[in-house]
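I need the structure of the sequence given here:
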Amino acid sequence: MSEFIRRYTGLILVLFVVLLGLTGNLFSGNLPVIAGQVLGIALVVSARIAFARQPFNISSTPAAGPLVRRGPYRIIRHPMYAGAMLFLLATILGHPSALTAAIGVLVLIMLPWRVHLEEELLRAAYPDYADYVSTTYRMIPFIY
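Sure, this is the predicted structure:
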C-alpha cells in the first residue's frame, strides 16, 4: 500500500479536483473558501518557482540537484503538499456533503502518509536533510 501511496497520490489529488469540479463542488462565492483556495494555489506556485531551473519530479522520488531551501522551503519542507491540502480543505469546507467529507478524509490520510514516505527517500538522498528537518516544519508552520 505504501508503494501505491508514494506513486499515485499526486494523480489521485488531481482526480479529486476534477471530481469536485464535475460535481459543482469546486468553486464557491464564500470569501473564506476563495481565500483558502487562492492561498493554497499561491503556495503551490511559489514552491514550484523556488525550484527555478533545477529538475523537478512530481513523483515522491527526489530529483537530481541540491536540496531546495529557498522560497517557502525555508519554512516548510512540503509546501506543494501543504498548498494542495489547503486548496482541497477550503473547497471541501465550502461544500459540505458526504462526497466532499470522504475526499477530505482520504486527503488527510494520504498526504501525511506520502510526506512520511517521501521524507525517508529524502533522508537517504541528501546527507544534510536531518539539519534541514531541524529548522523547518513539515507542512504547517508552528504545528506540523
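
use CA for all of it now, contacts and neighbours both
Noted.

which non-adjacent residue is nearest Asn25?
Excluding the flanking residues, the one nearest Asn25 by Cα to Cα, 6 or more residues apart in numbering is His95, at 5.8 Å.

and for the one you found, the neighbour number?
20 (other Cα atoms under 10 Å).

list the buried ones in the host helix or strand of Ala130?
Counting by DSSP states H and E, the element that carries Ala130 is helix 129-135. By neighbour count on 16 or more other Cα atoms under 10 Å, the buried set for helix 129-135 is Tyr132.

against which helices or strands is that helix packed?
helix 98-125 (3 or more Cα pairs under 8 Å, 6 or more residues apart in numbering; DSSP states H and E).

for the helix it packs on, name the packing helices and strands.
Against helix 98-125 (3+ Cα pairs under 8 Å, 6+ apart) you get helix 2-22, helix 79-94, helix 129-135.

quick one on the thing from earlier: quick check, pLDDT for the residue nearest to Asn25.
On pLDDT, His95 comes in at 88.

backbone dihedrals for it, please?
For His95, the backbone dihedrals (degrees, to the nearest 10) come out as phi -140, psi 70.

Thr136 too?
phi -140, psi 170.

confirm for me that it is in contact with Ile75.
Yes. Counting by Cα atoms under 8 Å, Thr136 does reach Ile75; the two are 5.1 Å apart.
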